[in-house]
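# give me coordinates for this.
(chains A and B)
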2 protein chains.
Amino acid sequence: MSEPTLYAESGFLRLRIDLAYDGTNYFGWAKQPDRRTLQEEIENALSTATQSPIETIVAGRTDAGVHASGQVLHVDVPKTTDSDALAFKLNCMLDEDIRILKVKVVTTAFHARFTATQRSYTYTILDGNRVLPPLHRLDVVPWYRTLDIDLLNSASSLLVGNHDFVAFCKFREGQTTVRNLLRFNWIRDDEGYLIADIAADAFCYSMVRNLVGAVVCVAEGRNNLDWIVAMLANKERVPDSLVFEARGLTLRHVEYPE
Amino acid sequence: MSEPTLYAESGFLRLRIDLAYDGTNYFGWAKQPDRRTLQEEIENALSTATQSPIETIVAGRTDAGVHASGQVLHVDVPKTTDSDALAFKLNCMLDEDIRILKVKVVTTAFHARFTATQRSYTYTILDGNRVLPPLHRLDVVPWYRTLDIDLLNSASSLLVGNHDFVAFCKFREGQTTVRNLLRFNWIRDDEGYLIADIAADAFCYSMVRNLVGAVVCVAEGRNNLDWIVAMLANKERVPDSLVFEARGLTLRHVEYPE
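As a prediction, the model looks like this:
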């Protein structure tokens, strides 16, 4: 119990904020000049609500068009902030495509990005050239060919584990591409949608959409399972693989130690 | 088999078109000057595709903001029209919030509006002051209080049958308000959403949203079951009842004789 007290004495409280959003109308999480971003909208609302300039640290900096149902961030706010009323206040200010789910006072031992141990996403595809229902056009990606779910799962399971995923990441100077992929499984639900559950300690930029693209190449018969193994071993980006659209992707959950 | 032949000889083919839409960005089905409507968008696309002025007859003229997953219309098109290619062509022209599901050549015995025997809708509510997930903000209505599903169903069942629903309809000169309400049942699904299944031979203007409002008044304890019975018997609009928002409503299915 010592840390939060000490921290409050410094004049600030650390808050963990759980939130959800439809990423369709945002250029992703991270602030960019002259573009509408989630970070800027949320920091503006927090700054207004607390009457203090606020910077957020987020668990997963989602790309443009990616959604979240369980995003987590932390902020340090003046200790005079009424944290119980904050979710309601923020939801009054924010557009309906961003919703604050929960606000909780935490110690400074909590860091939304660095203490997260696992991020999990879902990716949803409607295959077989079926018509995409209009109310799912924002969060499902249609695919022309019919995909074999057994092949999807076989290809996906080859990628699970601790690997250098450089072949599946957009290159960024000075960043490691070694990640521990913990789960990558597909189900076909009652309505025939293909849904992937994908979890890792952390993901590189555009990694999930590259992984989905690679296993779809196998599931539609364009490439075989050895091609997946070779991509992983060769550590080179393969120009004829696919990168799937952002709209099919949702950040579902971020895991922290107790 | 005589009718379609005769009709084709007149130079036209009758088509049944099944379609779905997200009604959020439209001022309802029916054409209005200077407003974006479903009818106008679809008739424009049909007229371009067939190179002929086309008028549609629709099964359910949905209000502004109401959605459809199983709307039906018919059109008479020049018999030179390639009906097999029409769905694909229309879907290329229309925005992604309208999708053509199926196009079928029918006889003139088929009339989308007058031969329909049943329309069914769903209405979806998230009660108990829960945060509306951003990706459901277009098709679910949040409600502050927690609703008792048994009371919802008891109130709803009192309305089933052949009645004058004038108390639940917006008044329109010269139109009957006698309808046969065939089903009105609520379930609470796995995620806690309350979903009503509502079917009738036909509905009056804003009738479903009035029916939902009335049973919610009972389910949240504001009124009792006798109040529903009295509304139905008195045939007068009750000023303190509720009319629920359009966005929770979806036209699911239109039934025709074999």
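
# hey, let's count contacts and neighbours off CA atoms from now on
Fine.

# and for the closest residue in space to A:Leu132 that isn't next to it in sequence, the neighbour number?
Distances taken as CA to CA, 6 or more residues apart in numbering or on different chains place A:Pro142 nearest to A:Leu132, at 6.3 Å, with adjacent residues excluded. A count of nearby residues for A:Pro142, using other CA atoms under 10 Å in any protein chain shown, gives 20.

# let me know the distance separating A:Pro142 from chain B.
The gap separating A:Pro142 from chain B is 12 Å, by CA to the nearest CA, to the nearest Å.

# is it true that that residue touches A:Leu126?
Yes: with contact defined as CA atoms under 8 Å, A:Pro142 counts as touching A:Leu126 (4.6 Å).

# and the residue of the stretch 101-250 of chain A closest to chain B?
Residue of the stretch 101-250 of chain A nearest chain B, by CA to the nearest CA: A:Pro134 (4.6 Å).

# could you find the closest non-adjacent residue to that residue?
Leaving aside its sequence neighbours, A:Pro134 sits nearest to B:Asp97 (CA to CA, 6+ apart; 4.6 Å).

# ok so, going back, now do the shared contacts for A:Pro142 and A:Leu126.
Common contacts of A:Pro142 and A:Leu126 (CA atoms under 8 Å, 6 or more residues apart in numbering or on different chains): A:Leu132.

# got the end-to-end distance for stretch A:133-146?
Stretch A:133-146 stretches 17 Å from its first residue to its last (CA to CA, to the nearest Å).

# try stretch A:221-237
With CA to CA as the measure, the ends of stretch A:221-237 fall 20 Å from one another.

# need the residues that contact it.
With CA under 8 Å, 6+ apart, stretch A:221-237 has contacts from A:154-155, A:158-159, A:163-169, A:214-215, A:217-218, A:238.

# for chain A, just list every one of the strands.
Secondary structure of chain A (DSSP state E): strands at A:12-21, A:57-58, A:67-78, A:98-106, A:118-126, A:141-142, A:161-164, A:178-188, A:194-200, A:249-255.

# now the third one, how far from the centre of its chain.
Translated: strand A:67-78. Relative to the mean C-alpha coordinate of its chain, strand A:67-78 is positioned 12 Å out (CA atoms, centre = their mean, to the nearest Å).

# what comes into contact with it?
Under the contact criterion CA under 8 Å, 6+ apart, strand A:67-78 has outside partners A:11-24, A:50, A:52, A:54-60, A:111-113, A:139, A:247, A:249-254, B:133.

# one step back: let me know which of the strands of chain A is the nearest to B:Phe203.
Judged by CA to CA, the one of the strands of chain A that comes nearest to B:Phe203 is strand A:118-126, at 33.1 Å.

# show me the strands paired with the closest one, marking each as parallel or antiparallel.
Its sheet considered, strand A:118-126 pairs with strand A:141-142 (parallel), strand A:194-200 (antiparallel), strand A:249-255 (antiparallel) by DSSP bridges.

# can you lay out these as JSON lines showing mean pLDDT?
Putting the strands paired with strand A:118-126 into JSON lines (pLDDT from 0 to 100) gives the following:
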{"stretch": "strand A:141-142", "mean pLDDT": "96"}
{"stretch": "strand A:194-200", "mean pLDDT": "98"}
{"stretch": "strand A:249-255", "mean pLDDT": "98"}
